[in-house]
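for reference, the sequence and a predicted model appear below.
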Amino acid sequence: MLLTKEVLLGVGVLVMIVSCGNNEKKVKNEVIKKRPNIIFIMDDQHKYDALGMINEQVHTPTLDSLAASGTYYNQAVCQAPMCVPSRNSIMFGLYPNQTGVYRNTGGGVSDDSLPGKTMAQYFKDAGYETAGFGKTHWGRYKTGTRGFETRYVSEIAEDGAISMQDLNPEAKQRYNEETKSMGAGEENNLGYLGFTSELPEEDHRDGWVTKQAIKYIKKREDERPLFFYLSYMKPHAGHNVPKGYEDLYNADNISYSEQPKWNKDYSPHSEGVNRREMYENYWKNAPEEDWKSMTMRYYANVTWIDDMMGRTLDALKEKGILDNAIIIYTSDHGEMLGERYYRFNKYNLYESSVRVPLIMTGTALPESFKGGKVNRQPTENIDILPTLLDLAEIDMEKKLPGKNLLKNRPRKASFSALHERKGEAAFMWRTSQYKLILVFHRKKEAADYKMEDIITGEFYNLQNDSKEWHDLYGKKEIGPIQEQFTSELLNHLHSI
């Protein structure tokens, strides 16, 4: 049968459309393949100065080498000094007043009311393979994996994730049995004092997660770029570190937290929180040996986590995943470790609680950020998401409040929030020189805070008083700078 001109023309057009469509798809796939692999590593309750490059008492060869090859942000802070709101802020790239997640207790958002895309969802939607190992701590709701295609969790279940309890229940039971005397969150005084674990590494939650992560890396065959998330539960107490890591330390030579010459706690914005009586009643009279052992075991925990990070990065390198990659590391908040009158864990806006280590490196990092650079600008953990999206050339679903860590657009100061006391909200406005903390009657919206809502405040000259022992709030000599910081803090609240 002969074909008419019209039929031939139609067939030609159809062929062109299919061909163009295939070419566009091919170009798109090639663009996706060239995007850098993203390696995001986080641990829990890592004191900002518990790094070997800062504190010679601590052994962190992996983190030190990452900083030496990239950029270390030495003024980074978290957005809330506790797990749930901090981790939600990191993963959504939003402040607590935007996520609606303010506290550990009762905090979180359900899957059907998310405030935006999660970090993993952004990368999945952009054509990445997404694999997550370890802690996210979304909060009180049972959640799905929120963008992770491959998901392993050691403690908090997620629908669609493989858990330690499911895969290795006997190991989980052995770990639970060893730590049962450490109390809620492994944070009672025995949890802090710690002991050498009798269990093999893979019976520990973080050891189990590392084993699953390395096993996954070695078997991986996916050709898509990879978003790889590895998140640890330590060095958060309890300090039951596996054998071998304490051997790197001599407890007799460990220096520990110096106490102010006070006869009671002074913390206007966080008084009464944080298991105050339990810690104070023990550590006020604890022998020096306990202080040294506790501090040494915290550092040994840090070293153990650092070692597992190193082994995981070695596996990624061997697989070729680091040939085109961005590596970013941070922690969700800090650790007081007995500072400022027997304060432990977090739940306050003082330096050791609110500051976090933050390092970015990798072969795909621009050259000007490689080679051991130190960035001294005010930095926040919500800066991580917009930075990674920009590096991967992924458009934001909506404008995020964080700053791109690779752009020269520094903020005036850094911001963090504490909503731990009933009916109150405390906000921090911090530079490397000064810190203002204001306590307000709590409001529903950030834009609702006014001068007349201020209950009290604290002000510290961090250059002259790094331990924050001398509150200058209301003093005549700092009047102008306190007024400036108050105005800037209120303006910031009104912008979020």
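That came in fine, so what should we check first?

what residues are up against Y298?
The neighbourhood of Y298, defined by Cβ atoms under 8 Å, 6 or more residues apart in numbering, consists of 47, 50, 192, 194, 235, 237, 239, 335, 337. (Glycine included, C-beta is placed from N, CA and C.)

just the ones of those residues in helices?
For these, the ones inside helices are Y192, with DSSP state H as the criterion.

how about the contacts of Y298 in a markdown table, adding pLDDT?
Written out in a markdown table, the entries for these read as follows (pLDDT from 0 to 100):
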| residue | pLDDT |
| --- | --- |
| K47 | 98 |
| A50 | 98 |
| Y192 | 98 |
| G194 | 97 |
| P235 | 98 |
| A237 | 98 |
| H239 | 98 |
| E335 | 98 |
| L337 | 98 |
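
can you give me phi and psi for the closest residue to T62 other than its chain neighbours?
Excluding its sequence neighbours, the residue lying closest to T62 (Cβ to Cβ, 6 or more residues apart in numbering) is G310, at 3.7 Å. The main-chain torsion angles of G310 are listed as degrees, to the nearest 10 and equal phi -60, psi -40.

now the one 10 residues further on
Listed backbone geometry of G320 is phi 90, psi 10, with angles given as degrees, to the nearest 10.

how close does it sit to T71?
With distances taken as Cβ to Cβ, to the nearest Å, G320 is found 24 Å from T71.

who has more neighbours out of these two?
Taking G320 and T71 together and counting by other Cβ atoms under 10 Å, T71 has the greater number of neighbours (23 against 10).

residues contacting V84?
When contacts are counted by Cβ under 8 Å, 6+ apart, V84 is found next to 101, 103-104, 107-108, 137-139.

please repeat the previous calculation with a cut-off of 7 Å.
Applying Cβ atoms under 7 Å, 6 or more residues apart in numbering to V84 gives the contacts 101, 103-104, 107-108, 137, 139.

one step back: if you rank the contacts of Y298 by neighbours, which is first?
Neighbour count (other Cβ under 10 Å) singles out A237 as the most crowded of those, with 29 neighbours.

about what we covered before: which of the contacts of Y298 lies closest to F40?
P235 (18.2 Å; Cβ to Cβ).

helix or strand: which one has the residue lying closest to the closest one once chain neighbours are set aside?
Closest residue in space to P235, ignoring its immediate chain neighbours: N301 at 3.7 Å, by Cβ to Cβ, 6+ apart. Under the criterion DSSP states H and E, the helix or strand holding N301 is helix 288-318.

okay, now the sheet partners of the helix or strand following that helix, with direction.
Proceeding C-terminally, helix 288-318 gives way to strand 325-331 as the next helix or strand, assigned by DSSP H and E. Taking DSSP bridges as the criterion, strand 325-331 forms sheet pairs with strand 37-44 (parallel), strand 358-361 (antiparallel).

got these as a markdown table, with mean pLDDT, mean neighbour count and distance to K399 columns?
Below are these laid out as a markdown table (pLDDT from 0 to 100; neighbours: other Cβ atoms under 10 Å; distance: least, Cβ to Cβ, whole Å):
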| stretch | mean pLDDT | mean neighbour count | distance to K399 |
| --- | --- | --- | --- |
| strand 37-44 | 98 | 24 | 21 |
| strand 358-361 | 98 | 26 | 22 |
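
now render those strands as CSV, adding distance to Y95.
Formatted as CSV, the entries for the strands paired with strand 325-331 read as follows, by distance: least, Cβ to Cβ, whole Å:
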stretch, distance to Y95
strand 37-44, 18
strand 358-361, 17
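
any idea which of these gets closest to A184?
Of all these, strand 37-44 sits nearest to A184, with 15.2 Å by Cβ to Cβ.

could you find the closest non-adjacent residue to L193?
L193's closest residue in space is M294 (Cβ to Cβ, 6+ apart), at 5.2 Å.

my read is that that neighbour contacts F195, right?
No - at 10.9 Å, M294 does not count as touching F195 under the criterion of Cβ atoms under 7 Å.

who has more neighbours, these two?
Neighbours were tallied for M294 and for F195 using other Cβ under 10 Å; the higher tally belongs to M294 (26 against 18).

please report how far the residue nearest to T62 lies from L316.
Relative to L316, G310 is positioned 11 Å away (criterion: Cβ to Cβ).

count the neighbours of L400 for me.
Neighbour count for L400, taken as other Cβ under 10 Å: 19.

how's this protein carved up into domains?
Under the assignment named as automatic domain parsing, the residue ranges that make up the domains of the chain are 35-411, 422-496.

pick the most buried one from those.
Relative to the other members of the domains of the chain, domain 35-411 carries the highest mean neighbour count by mean count of other Cβ atoms under 10 Å, namely a mean of 20.

just the terminal-to-terminal distance for it.
Using Cα to Cα, to the nearest Å, the gap from the first to the last residue of domain 35-411 comes to 28 Å.

check stretch 198-209 too.
With Cα to Cα as the measure, the first residue of stretch 198-209 is 19 Å from its last.
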